[in-house]
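A.B. asks: Would you be able to build a 3D model of this:
(one chain, ligands or ions: 1)
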Amino acid sequence: MIAPHADALIGHVRANRERYVEELKAWMAVPSISAQPDHAADVRRSAEHAVARLRAAGFTQAEVLETDGNPVAYAAWLGAPGAPTILIYGHHDVQPADPLELWTSPPFEGTVRNGKLYGRGAVDDKGQCLMHIAALEAHLRVNGKLPLNVKVVFEGEEEIGSPSFEAFLAREKEKLACDVVVVSDTAVFAEDVPSLTTSLRGLVHWEITVHGPAADLHSGYYGGIVKNPLEALAQILAALKDAHGRVVVPGFYEGVRELSPQERADIAALPFDPAKIAHELGVTELGGEPSRMPLERAWFRPTLEVNGMYGGYQGAGQKTIIPSFARAKISARLVPHQDPHHVKHAVTTFVQRVAPRGVRLEVEAHGDTRAVETSRDHPAVAAAARAMELGFGKPPVFIGTGGTIGPVSSFDRILHLPQVLIGVGLPDDAIHAPNEKFDLSQFFGGIETMTYLYDELANALR
Ligand SMILES: [Zn+2]
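C.D. replies: Take a look at the predicted model:
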């Protein structure tokens, strides 16, 4: 449903496109690199810049909020009593620009070439924050109000893993209370394939140490009578999966749901060529559970991976020893409905059970990030899908991501709220790399999408 005043709003944002690009360049000129302590003042300046821009958009409540680390830019418009409240999340900090010599134009001087705006922060994430500011401003200028209550949180530490964000959320719980969180810090599946991300995987990890003899032993004197810790570790790791890549740890898949026929059909319809991807990655073929599609494996199946293993002699030539210990780091990406504590316990118990005799085992388990999922049937997700269709001219596909986004997990854990992940970056935007860019067609389509989004959410959540 298109709100009756949508024409005037869309006319407004189309007439102001050039201004939005100039404003994005001005914000990108502030090198808010959170990883580098000598840019701390710039990160603060970036938060102040965002607050000033939100005030100019018509937010009377706008302020820099302190955290234990970098400041958050916050604004609220609460002039729609009885209407739902959304919280818009983005981040104003950026990745370092190194290596500088690989940039075609200076990273902090936004430059348009061939319809793309190049520079650090163009799409990750200042440009995506500005899509919201522009759309909110259009509503406030054209209609004098918003169709629902809006809180804006632009974080300053996302690129360093959001170390202060969870404590900030817990402390400001009341101030940030809302019905739905809207996160714009993701990409679509491909150009011309508008997408909504509805699931993210969680993460737990282990460090396994196999202790053997008190010191390295001469393999001539002791080979054949002492169990080798490296060999024991290899046996343990090999026992985790069957030959088809399926994890055999009892209880590992507990809670994992099967995809619906619709979800399977949607994945099968996405443009994805396993042979091409294998070639790009430099592998002979893709691996994993053969009975499932690669994108299903990457988004909706849990994994158990060996991330590193070491022990014994690694130097030049030969050193004929039985090493005194061996160590491996392994991790699991979790999918919705898996309990991180249960998985940690299941793997730890299994590893201890399959360890051969003659060695001593130490297993440390870490992390408890649950997967996050918002059902595509949730009214807020359906509203976002309609807005995206209006903004980009075709209905979005629903996708997952195999990765883990810290703030999304934090919103889930601290505020227990449904989240809509509506981002419009492209897979080739070179985020975190030299020549980061934002296609202006995506930027403008994103602004129009957000302009529709607020009306759609107001209607859907009422
Ligand atoms: Zn980002």
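A.B. asks: Looking at Arg413 now. What's its pLDDT?
C.D. replies: Arg413 is assigned a predicted lDDT (pLDDT) of 87.
A.B. asks: Grab the nearest non-local neighbour of the residue in the stretch 301-450 of the chain positioned nearest to the ion.
C.D. replies: Per CB to the ion, Ile431 is where the stretch 301-450 of the chain lies closest to the ion, at 6.8 Å. C-beta coordinates here come from the backbone N, C-alpha and C atoms, glycine included. Spatial nearest neighbour of Ile431, excluding adjacent residues (CB to CB, 6 or more residues apart in numbering): Asp124 at 4.1 Å.
A.B. asks: count of residues packed around that neighbour?
C.D. replies: Asp124 has 26 neighbouring residues, counting by other CB atoms under 10 Å.
A.B. asks: same thing with the one 5 residues further on?
C.D. replies: Using other CB under 10 Å, Cys129 has 26 other residues around it.
A.B. asks: cool, and Leu65?
C.D. replies: 17.
A.B. asks: Select the longest helix from this protein.
C.D. replies: helix 440-461 (DSSP state H).
A.B. asks: still on that earlier bit, which ones are touching the residue nearest to Ile431?
C.D. replies: 94-95, 185, 425, 429, 431-432, 436 (CB atoms under 8 Å, 6 or more residues apart in numbering).
A.B. asks: Mark which of the residues you listed are buried, thanks.
C.D. replies: Buried by 16 or more other CB atoms under 10 Å: 94-95, 185, 425, 429, 431, 436, out of the contacts of Asp124.
A.B. asks: Doesn't the residue of the stretch 301-450 of the chain closest to the ion belong to a helix?
C.D. replies: No: under DSSP: H, G, I helix; E, B strand; the rest coil, Ile431 falls outside any helix and is assigned coil.
A.B. asks: quick one: it and Lys126 touch, right?
C.D. replies: No: in this structure, Ile431 is not within contact of Lys126 by CB atoms under 8 Å, at 11.7 Å.
A.B. asks: Next, the buried residues of the helix or strand encompassing Asp266.
C.D. replies: Asp266 is part of helix 261-269 when elements are defined by DSSP states H and E. By neighbour count on 16+ other CB under 10 Å, the buried set for helix 261-269 is 263, 266-267.
A.B. asks: Considering only those residues, which also neighbour the ion?
C.D. replies: Counting by CB under 5 Å from the ion, nothing from the buried residues of helix 261-269 sits close to the ion.
A.B. asks: now these in a markdown table, with pLDDT and distance to Ala458?
C.D. replies: Listed next are those as a markdown table, based on pLDDT from 0 to 100; distance: CB to CB, whole Å:
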| residue | pLDDT | distance to Ala458 |
| --- | --- | --- |
| Glu263 | 90 | 28 |
| Asp266 | 90 | 27 |
| Ile267 | 93 | 32 |
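A.B. asks: Of the residues you listed, just say which sits nearest to Val13.
C.D. replies: Checking the buried residues of helix 261-269 against Val13 with CB to CB, the nearest one is Asp266 at 30.1 Å.
A.B. asks: hang on, isn't that closest one packed against Pro395?
C.D. replies: No: between Asp266 and Pro395 there is no contact under CB under 8 Å: 11.0 Å.
A.B. asks: what residue lies at the spatial centre of the chain?
C.D. replies: Ile405 (3.2 Å; CA atoms, centre = their mean).
A.B. asks: Let me know the pLDDT of the closest residue to that one other than its chain neighbours.
C.D. replies: Of all residues not flanking Ile405 in the chain, Leu200 sits nearest, at 5.7 Å (CB to CB, 6+ apart). Note for Leu200: predicted pLDDT of 92.
A.B. asks: For Leu200, grab the count of nearby residues.
C.D. replies: Residues lying near Leu200 (other CB under 10 Å) number 29.
A.B. asks: which residues touch it?
C.D. replies: Under the criterion of CB under 8 Å, 6+ apart, the contact list for Leu200 reads 371-373, 400-401, 403-405, 408-409, 421.
A.B. asks: who in the stretch 51-200 of the chain is up against the ion?
C.D. replies: Residues of the stretch 51-200 of the chain lying near the ion (CB under 5 Å from the ion): 124-125, 185.
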